[in-house]
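[1] heads up, no residue letters with this:
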């Protein structure tokens with residue numbers, strides 16, 4: 001179960017780590033991520049303190065009321081990267097131009113919306129999943145002899161509590177319906193290429209030892225993470241069509257179909273997981289979708 005910071009120092013430390021890891025976040029998102037049991041006014045004061053110390057910057061986004069988006073300054077990044085919670089991770093510089101910052105916020109904040117939905121659901125269930133158990137922009141090579149790569153929107157690390165404790169890993173893709181479905185389908189095919197990639201050690205090329213090479217993903221994961229596609233940014237009819245497009249690729253592309261024989265995959269609307277809970281039966285499997293929606297854990 002996620003611990004809630006009890007002091008200003010605890011909040012400040014976790015807020016810096018969250019911004020380091022998630023790039024940027026609104027006041028409300030940081031409130032829900034870190035200290036949902038305190039008032040949002042208390043969170044605003046703590047963030048204003050960090051701003052006064054030049055550790056975080058902010059940009060005022062259009063919309064009703066004051067909608068502040070927070071990010072780390074250069075000083076904030078250099079301070080936070082020394083903390084053990086973010087060791088081995090990177091945080092790209094935030095844009096200093098407010099217009100550039102606004103152009104980048106849409107997808108980043110929607111990815112974080114999905115994380116918050118999983119986090120709130122995990123708290124309600126008593127599962128082990130915290131603000132830093134969602135790793136954005138995980139990159140893997142998908143070709144042995146080129147620099148082609150796959151960048152997942154996020155890797156989720158989740159553990160159910162209780163006697164049936166289970167460890168889950170999932171790649172999460174958040175699609176905002178800003179591009180044609182073909183781009184979404186190509187992402188699914190990129191996962192299939194990563195799943196099938198089996199580099200052959202150079203000193204074994206041309207020998208029988210090449211058959212002993214491990215798939216590339218096994219160097220990173222005990223099991224290939226399940227694939228969760230979160231859809232938003234359009235009406236329900238359009239998003240359901242994008243869901244069906246993914247199912248069509250799952251059925252028609254041999255490489256994808258081979259991957260999905262062992263890898264669980266499904267799609268859900270972001271608004272549904274926010275309203276009903278991420279573990280609710282709102283996930284449609286990409287394989288055998290006629291079997292009906294279910295929890296992401298049961299795909």
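    Ah, there it is. No experiment lies behind these values; they were computed from the predicted model shown.
[2] what kind of secondary structure is residue 224 in?
    With DSSP: H, G, I helix; E, B strand; the rest coil as the basis, residue 224 sits in coil.
[3] For it, which non-adjacent residue is spatially closest?
    Closest residue in space to residue 224, ignoring its immediate chain neighbours: residue 263 at 5.1 Å, by C-beta to C-beta, 6 or more residues apart in numbering. Bear in mind the C-beta positions are built from the backbone N, C-alpha and C, glycine included.
[4] could you pull out the strands for the stretch 1-150 of the chain?
    24-26, 56-61, 67-72, 134-141, 149-159 (DSSP state E, counting those that start in this stretch).
[5] how close does residue 240 get to residue 265?
    17 Å (C-beta to C-beta, to the nearest Å).
[6] Measure how buried residue 284 is and give me the count.
    24 (other C-beta atoms under 10 Å).
[7] Just list the residues touching it, thanks.
    243, 247, 266, 267, 268, 292, 293 (C-beta atoms under 8 Å, 6 or more residues apart in numbering).
[8] Wait, a strand at the third one?
    Yes: with three-state DSSP as the criterion, residue 266 is assigned to a strand.
[9] Contacts only, for the residue lying closest to it once chain neighbours are set aside.
    Spatial nearest neighbour of residue 266, excluding adjacent residues (C-beta to C-beta, 6+ apart): residue 283 at 4.0 Å. Listed by C-beta under 8 Å, 6+ apart, the contact partners of residue 283 are 228, 266, 267, 268, 293, 294, 295, 296, 299.
[10] with those residues in mind, which one is nearest to residue 138?
    If you rank the contacts of residue 283 by distance to residue 138 using C-beta to C-beta, residue 228 comes first, at 13.4 Å.
[11] picking that back up, which of residue 240 and residue 265 has more neighbours?
    residue 265 (25 against 15).
[12] what about the nearest residue to the more buried one once chain neighbours are set aside, which helix or strand?
    Nearest-residue entry for residue 265: residue 227, 3.9 Å, with adjacent residues in sequence omitted and distances by C-beta to C-beta, 6+ apart. Following DSSP states H and E, one finds residue 227 within strand 226-231.
[13] The spatially closest residue to residue 262 that is not a sequence neighbour: how many residues sit nearby?
    Nearest residue to residue 262 in three dimensions, chain neighbours excluded: residue 224, at 7.1 Å (C-beta to C-beta, 6+ apart). Counted with other C-beta under 10 Å, the neighbours of residue 224 add up to 19.
[14] Cheers, nothing more for now.
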